[in-house]
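Peer 1: Fold the following and give me the result.
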Amino acid sequence: MSQNLIDLSLDAERLGRLDAALAAVEAELAGMAALGPDQIRELTKMGAKSEAFVRQATVAFGENPGVLPRNFDLEGFQRDLAALDALRPRLQRLTRMHERMSGAEIALGSDLMNAALEGYAVLKVSGKGEGMEALRRLLSQRLNRSPRSAGVDGTPESVPAG
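Peer 2: All right, here's what the predicted structure looks like:
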């Protein structure tokens, strides 16, 4: 194998610990909102400039609670800001973990694909006459598929001018 970006072994004990840790994280995240794309699209968003506004409003509201409407939940507003501040560093950690796991998945897939191609190339050349013709045909099906843009009969579809 000429490429080996990652050498990872996930034994049952390690997977068990990982699954237990993920279950604990999932349990802690149970009360958090899962929003769909339509819900997210309709929400008022808080970007960096908006966050500065919110933080200034928190100070102003705290110093002048009497000017707020009676039904304004100042304590809830302050709890939400504190929760956001507590959540962000954990979200950053989870994002880094996701990036590492995604990177490992991509590296493993690349290593496997390169090794399979390398082995297939050798099999094509040295496997002739050794009862491996059916295996070579099976493996070649993956590599010799017609492009996705091909029509039903396998010929490329015409691309309209424009």
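Peer 1: going forward, measure contacts between C-alpha atoms and count neighbours the same way
Peer 2: Will do.
Peer 1: Show the subsequent helix or strand relative to the helix ranked longest in the chain.
Peer 2: Using DSSP state H, we find that the single longest helix of the chain is helix 74-126. Per DSSP states H and E, the first helix or strand lying C-terminal to helix 74-126 is helix 133-143.
Peer 1: and the angle for that next one with helix 74-126?
Peer 2: 140 degrees (axes from the mean of the first three to the mean of the last three C-alpha atoms, to 10 degrees).
Peer 1: Which other helices and strands does helix 133-143 contact?
Peer 2: Using 3 or more C-alpha pairs under 8 Å, 6 or more residues apart in numbering; DSSP states H and E, the elements in contact with helix 133-143 are helix 74-126.
Peer 1: shouldn't Asp111 be in contact with Leu8?
Peer 2: No - using C-alpha atoms under 8 Å as the test, Asp111 is too far from Leu8 to be in contact (11.3 Å).
Peer 1: Let me know the outermost residue of the chain.
Peer 2: For the chain, the C-alpha farthest from the mean C-alpha position belongs to Gly66; by C-alpha atoms, centre = their mean, that distance is 45.9 Å.
Peer 1: Tell me how far that one lies from Phe72.
Peer 2: Between Gly66 and Phe72 the computed distance is 10 Å (C-alpha to C-alpha, to the nearest Å).
Peer 1: how would you label the residue farthest from the centre of the chain: helix, strand or coil?
Peer 2: Recorded secondary structure, Gly66: helix (DSSP: H, G, I helix; E, B strand; the rest coil).
Peer 1: Having no further points to raise, I will conclude here.
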